[in-house]
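S.K.: what follows is a protein structure lacking sequence information:
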C-alpha cells in the first residue's frame, strides 16, 4: 500500500493550519523538512512549529532532520510531538547512538541518503531502521526536478530490504508528482513525499489523490 506524505515545505506558512486541514483526508503522513542553514543552505522550522502542527492534526508527523548534530535535537522534537525522525547519514556517520535515542523516545527512526551517497553507506544499519528515505533531489530547497539517475539506488535498496525480510518503509522525496510517482513505486518505494505537486495546486487533497492513483497504476496485483 503506497503512502502519501505531503511536505509542508511547500505549504503557505501564513496559513499552515488551513493547508494541513486541506490535505488531512488525502494524506497518510505529514512530512516536515527541518533545515538549519548549516548542513543545507536553507533555514526552515524547528520544534515549535512541530508542536503547533501536533495541536491541529492527527496525521503522523514524519520529520526529516537536514541538520548538523541531529542527536542534539532528538529530545526537542520528541517533546514537540514528532512521530518519526530521520537523520542524514552524511550528518551522522556513526548513526547508531542517534537512532538508539530516537527509539528510546518511542519514535520511529530513519536514515536519509542524498543523491550522491551510495546505498552502501546505510546498509549496515538497516536492522535499526523503521524507514529509509532516498532523496531524488539535492536537499535544501523545494520545487527541484526529479533525478532519474537515483532510480537504480531505490531498486537496490528495495531488493536488499526484500531479501533480508526487513519491515522498513522505503520513502522517496524530491520531484514527486503524477509522472514520477509510478517510477519510484515500480522501483520499490512505498512512501512518497510530495511538496509543490500537492500544496502548489489549487486543490491539495485532489492533487494528493492523483499522485496516489498514478502510483497505484504500477503496483503489481497480488493474490
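M.R.: Now that the structure is in, tell me what you want to look at. Note that this is a predicted model, so its numbers are computed, not measured.
S.K.: the nearest residue to residue 45 once chain neighbours are set aside sits in which helix or strand?
M.R.: Closest residue to residue 45 apart from its sequence neighbours, by CB to CB, 6 or more residues apart in numbering: residue 34 at 6.2 Å. To be clear about C-beta, it is placed using only N, CA and C from the backbone, and glycine gets the same treatment. Element membership for residue 34 (DSSP states H and E) is strand 30-35.
S.K.: just the buried positions in whichever helix or strand comes after that strand, please.
M.R.: Downstream of strand 30-35, the first helix or strand assigned by DSSP H and E is helix 47-56. Buried residues in helix 47-56, defined by neighbour count with 16 or more other CB atoms under 10 Å: 47, 49, 50, 51, 52, 53.
S.K.: go through the residues you listed and say which is closest to residue 201.
M.R.: Nearest to residue 201 among these is residue 53, at 20.4 Å by CB to CB.
S.K.: please name the residues that touch the nearest residue to that closest one once chain neighbours are set aside.
M.R.: Of all residues not flanking residue 53 in the chain, residue 61 sits nearest, at 6.0 Å (CB to CB, 6+ apart). Residues counted as contacts of residue 61 (CB atoms under 8 Å, 6 or more residues apart in numbering) are 29, 30, 32, 50, 53, 54, 81, 82, 83, 84.
S.K.: okay, and the beta partners of residue 61?
M.R.: Beta-bridge pairing of residue 61 under DSSP bridges involves residue 30.
S.K.: which other helices and strands contact whichever strand or helix holds residue 98?
M.R.: Using DSSP H and E, residue 98 sits in helix 96-104. Judged by 3 or more CB pairs under 8 Å, 6 or more residues apart in numbering; DSSP states H and E, the packing partners of helix 96-104 are helix 74-80, strand 84-88, strand 108-113.
S.K.: elements contacting the second one?
M.R.: The one in question is strand 84-88. Under the contact rule (3+ CB pairs under 8 Å, 6+ apart), strand 84-88 is packed against strand 61-66, helix 74-80, helix 96-104, strand 108-113, strand 131-135.
S.K.: mind putting those in TSV, distance to residue 176 and mean pLDDT included?
M.R.: Output for the helices and strands packed on strand 84-88, formatted as TSV (distance: least, CB to CB, whole Å; pLDDT from 0 to 100):
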stretch	distance to residue 176	mean pLDDT
strand 61-66	14	98
helix 74-80	24	98
helix 96-104	25	97
strand 108-113	15	98
strand 131-135	11	98
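S.K.: may I see these arranged in TSV, with distance to residue 13 as well?
M.R.: Supplementary listing: the helices and strands packed on strand 84-88 in TSV, determined by distance: least, CB to CB, whole Å:
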stretch	distance to residue 13
strand 61-66	16
helix 74-80	17
helix 96-104	26
strand 108-113	23
strand 131-135	22
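S.K.: need the three-state assignment for the closest residue to residue 97 other than its chain neighbours.
M.R.: Leaving out its chain neighbours, the residue that sits closest to residue 97 by CB to CB, 6+ apart is residue 71, at 6.4 Å. Secondary structure, DSSP: H, G, I helix; E, B strand; the rest coil: residue 71 is helix.
S.K.: gap between residue 71 and residue 99?
M.R.: Per CB to CB, to the nearest Å, residue 71 is found 9 Å from residue 99.
S.K.: okay, the two: which has more neighbours?
M.R.: A count of neighbours by other CB atoms under 10 Å puts residue 99 above the other of residue 71 and residue 99, at 23 against 17.
S.K.: residue contacts, that one?
M.R.: Counting by CB under 8 Å, 6+ apart, residue 99 touches 87, 109, 111, 125, 128, 129.
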